[in-house]
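Q: Provided below for reference: sequence and predicted model.
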Amino acid sequence: MSLLVVGSVAFDSVKTPFGEREEILGGSATYFSTAASYFTSVNLVAVVGDDFPDQHISFLKSRGVNTEGLERQSGKTFRWKGEYGYQLNEANTLETHLNVFESFRPTLPESYRDSEVVFLANIDPELQSDVLRQVNSPEIIACDTMNFWISGKREALLNTLKNVDILIINDSEARQLAAEANLVKAASVIMSFGPKHVIVKRGEHGALMFNSKNVFAAPAYPLENVFDPTGAGDSFAGGFLGFLASTRNFNEENMRQAVIFGSVMASFVVEDFSLNRIRGLNFEEILNRYREFKRLTHFEDAGEIFNR
């Protein structure tokens, strides 16, 4: 099943308590595409400047990512600079230079328009809606957003959400969007805007998936070494939707498995800077960590214990 992502390809400069890197490959669409590529092929739409090295495009192609929709414009590529303290859930943005991303107007190549699964990464909600007008009846649409759009373009965001099946959002943004402190109540409010499913990312505390009937909780993998949380949320979304697209199954049981595969990919990406850890994974490593997640959360039914 074809998978489309529209987002950013960028250079990041990141400082964490465990190191510092300058001008490393980043961007929401980059992390998403790389994580999803372990499950299915990906159609990418983004923009870069004329300073973007061909070697990064070659890497994406090597992962089976279709870069026909990657525009190259005159100017500099989007750059983000930030730092994290020991509270790795929250980045402190130091500099943002949109550069060619500022005037980006996504145009889908004809070959992308029948994509069956669509992920609208964290971009202007007006552009997200414009992308949806260019695709032909996708099976499932998911999107991400952030506090900047929630406060600055709320009406446009609510219009986008009317056409979205799954919203993937972090806990503070969910509370802000719903104007509700309690996450259970916040998810219910957000579902009233349109999405049938809300996935709340909670960093080191894992993820919660809500629908109208059930709640599913996935833990974060207990890692000994976390170097850089940048891109964890987009890698989660890539693993989640990549698995769904590869299995062509959107029932709840399969979506629960997808949440774990998303958590697996997020757990790998934070083990190094940029995409270094997920560049060269093999699928057996992914399956082994999936099995670790299952062991981590398995416990017997109380009835089985008392029947012994």
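A: Good, I have the coordinates.
Q: Now Asp130: which helix or strand?
A: helix 125-132 (DSSP states H and E).
Q: Show me where the chain has its helices.
A: Secondary structure of the chain (DSSP state H): helices at 28-36, 54-62, 125-132, 147-152, 154-161, 171-178, 183-191, 232-247, 252-269, 276-279, 283-297, 302-306.
Q: Which elements pack onto the third one?
A: For helix 125-132, the elements it packs on are strand 3-6, strand 117-120, helix 154-161, judged by 3 or more Cβ pairs under 8 Å, 6 or more residues apart in numbering; DSSP states H and E. Just so you know, the C-beta spots here come from the backbone N, C-alpha and C atoms, and that holds for glycine as well.
Q: Quick one: closest of the ones you listed to Glu253.
A: strand 117-120 (17.9 Å; Cβ to Cβ).
Q: Indicate each strand paired with that closest one and its parallel or antiparallel sense.
A: strand 3-6 (parallel), strand 140-143 (parallel) (DSSP bridges).
Q: Next, count neighbours for Ser192.
A: Ser192 has 10 neighbours, counted by other Cβ atoms under 10 Å.
Q: Now do the contacts for it.
A: Contact partners of Ser192, counting by Cβ atoms under 8 Å, 6 or more residues apart in numbering, are absent.
Q: Check it and give its pLDDT.
A: What the model reports as pLDDT for Ser192 is 98.
Q: Check Met1 too.
A: pLDDT at Met1 comes out at 80.
Q: Quick check: Asn92 vs Phe210, distance?
A: 29 Å (Cβ to Cβ, to the nearest Å).
Q: Look up how far Leu208 lies from the closest residue in space to Asn122 that isn't next to it in sequence.
A: Leaving aside its sequence neighbours, Asn122 sits nearest to Asp144 (Cβ to Cβ, 6 or more residues apart in numbering; 4.6 Å). Separation of Asp144 from Leu208 (Cβ to Cβ) stands at 16 Å.
Q: now do Ile278
A: On the measure of Cβ to Cβ, Ile278 and Leu208 end up 24 Å apart.
Q: The two: who's more crowded?
A: Between Ile278 and Leu208, Ile278 has the larger neighbour count (other Cβ under 10 Å), namely 25 against 20.
Q: Could you dump the helices of the chain into JSON lines with distance to Phe216 added?
A: Below are the helices of the chain laid out as JSON lines (distance: least, Cβ to Cβ, whole Å):
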{"stretch": "helix 28-36", "distance to Phe216": "20"}
{"stretch": "helix 54-62", "distance to Phe216": "31"}
{"stretch": "helix 125-132", "distance to Phe216": "25"}
{"stretch": "helix 147-152", "distance to Phe216": "24"}
{"stretch": "helix 154-161", "distance to Phe216": "21"}
{"stretch": "helix 171-178", "distance to Phe216": "15"}
{"stretch": "helix 183-191", "distance to Phe216": "12"}
{"stretch": "helix 232-247", "distance to Phe216": "12"}
{"stretch": "helix 252-269", "distance to Phe216": "5"}
{"stretch": "helix 276-279", "distance to Phe216": "24"}
{"stretch": "helix 283-297", "distance to Phe216": "11"}
{"stretch": "helix 302-306", "distance to Phe216": "20"}
